[in-house]
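Undergrad: sequence and computational prediction follow.
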Amino acid sequence: MTTVFLLTVMLGNTVVNRDLYFENINNCLYFAERINAQPNVPRRDGETDRITAYCLPKTVDTSKTKVHK
């Protein structure tokens, strides 16, 4: 088991992605910052949702989970 960093992406209050793992927090934060810099996402009802991302430490079995460098 290895500690890695999970990039979690949310659209409004809904988690839309939780399957990108990084071995280095700096790489995870790079993508989180890029995602957070995007403009709000329009909805069909005319409102918008904020897209947000953050990194969480997780322990995974790297033989079963793909971990990005």
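TA: Noted; the coordinates are in hand. Worth saying up front: this structure is predicted, and the values here are computed from it rather than measured.
Undergrad: could you list the paired strands of the helix or strand of the chain with the lowest mean pLDDT along with their orientation?
TA: For the chain, counting by mean pLDDT, DSSP states H and E, strand 41-42 ranks last in confidence among helices and strands (a mean of 94). Sheet pairing of strand 41-42 (DSSP bridges) gives strand 48-49 (antiparallel).
Undergrad: ok now the partner strand, how far from the chain's centre?
TA: Centroid separation for strand 48-49 versus its chain: 18 Å, with Cα atoms, centre = their mean, to the nearest Å.
Undergrad: list the buried residues in the helix or strand following that strand.
TA: Reading on from strand 48-49 to the C-terminus, the next helix or strand found by DSSP states H and E is strand 51-60. For strand 51-60, burial by neighbour count (16 or more other Cβ atoms under 10 Å) applies to 51, 53, 55. From N, CA and C alone the C-beta is placed, and that goes for glycine too.
Undergrad: circling back to that earlier point, give me the residues contacting the least confident helix or strand of the chain.
TA: In this structure, residues lying in contact with strand 41-42 by Cβ atoms under 8 Å, 6 or more residues apart in numbering are 11, 48-51.
Undergrad: nearest to residue 18 among the buried residues of strand 51-60?
TA: For those, the residue nearest residue 18 by Cβ to Cβ is residue 53; the value is 10.6 Å.
Undergrad: one step back: I'd like the contacts of strand 41-42 as JSON lines, with distance to residue 26 appended.
TA: Formatted as JSON lines, the contacts of strand 41-42 follow (distance: Cβ to Cβ, whole Å):
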{"residue": "11", "distance to residue 26": "25"}
{"residue": "48", "distance to residue 26": "30"}
{"residue": "49", "distance to residue 26": "28"}
{"residue": "50", "distance to residue 26": "24"}
{"residue": "51", "distance to residue 26": "21"}
